[in-house]
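Visitor: Pasting the sequence and the predicted coordinates here, then a few questions.
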Amino acid sequence: MTIKKTGSAHWSGSIKEGKGTVSTQSGALKDQPYGFNTRFEGKAGTNPEELLGAAHASCFAMALSLILGEAGLTATSLKTESTISLDKDGEGFSITKAHLTLRGIVPNATEAQFLEAAKKAEAGCPLSKVINAEITLDAKLEN
């Protein structure tokens, strides 16, 4: 089975003065602005790194939910954040790291079960598999 989803972007202008919009097939994002200023200068709007972080965090949380379910556990809450690091690399930039922060409430789970499941999800989530960077995890069970 192959599932295909699309995201799209439109760009107009030079790198610093230009502007773009990003949309998703589902319409969850529609013509959201992005540009040099939102990526490098902290201005309002989105950027590729935060979109990747959101995708990674959501993929990881779903993978963890699956792994916990296979162990007979169901999470009440899995708060997940993926911080994507973009660093200068010679003449350009590279994504060098993705750091997952997880705070979970999983009734009847031991800390060891939770951490084992989180490590499996970190390695097994489809987005973790395509991120060509160091991936780290800070997981804490908060029952």
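Guide: Looks like it came in fine. Just so you know, these numbers come straight off a predicted model, no measurement behind them. Numbering: from 1, shown residues only.

Visitor: mind listing the helices for the protein?
Guide: If DSSP state H is used as the criterion, the helices of the chain fall at 36-40, 48-70, 111-124, 126-130.

Visitor: What residues sit buried inside stretch 38-48?
Guide: 38-39, 45-47 (16 or more other CB atoms under 10 Å). Quick note: C-beta positions are derived from backbone N, CA and C, even for glycine.

Visitor: Equivalent analysis for stretch 58-78, please.
Guide: Judged by neighbour count using 16+ other CB under 10 Å, the buried positions of stretch 58-78 are 59-61, 63-65, 67-68, 73, 75, 78.

Visitor: Need those in JSON lines (columns: distance to Thr21).
Guide: Shown next, in JSON lines, are the buried residues of stretch 58-78 (distance: CB to CB, whole Å):
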{"residue": "Cys59", "distance to Thr21": "24"}
{"residue": "Phe60", "distance to Thr21": "27"}
{"residue": "Ala61", "distance to Thr21": "27"}
{"residue": "Ala63", "distance to Thr21": "30"}
{"residue": "Leu64", "distance to Thr21": "32"}
{"residue": "Ser65", "distance to Thr21": "32"}
{"residue": "Ile67", "distance to Thr21": "36"}
{"residue": "Leu68", "distance to Thr21": "37"}
{"residue": "Leu73", "distance to Thr21": "41"}
{"residue": "Ala75", "distance to Thr21": "35"}
{"residue": "Leu78", "distance to Thr21": "31"}
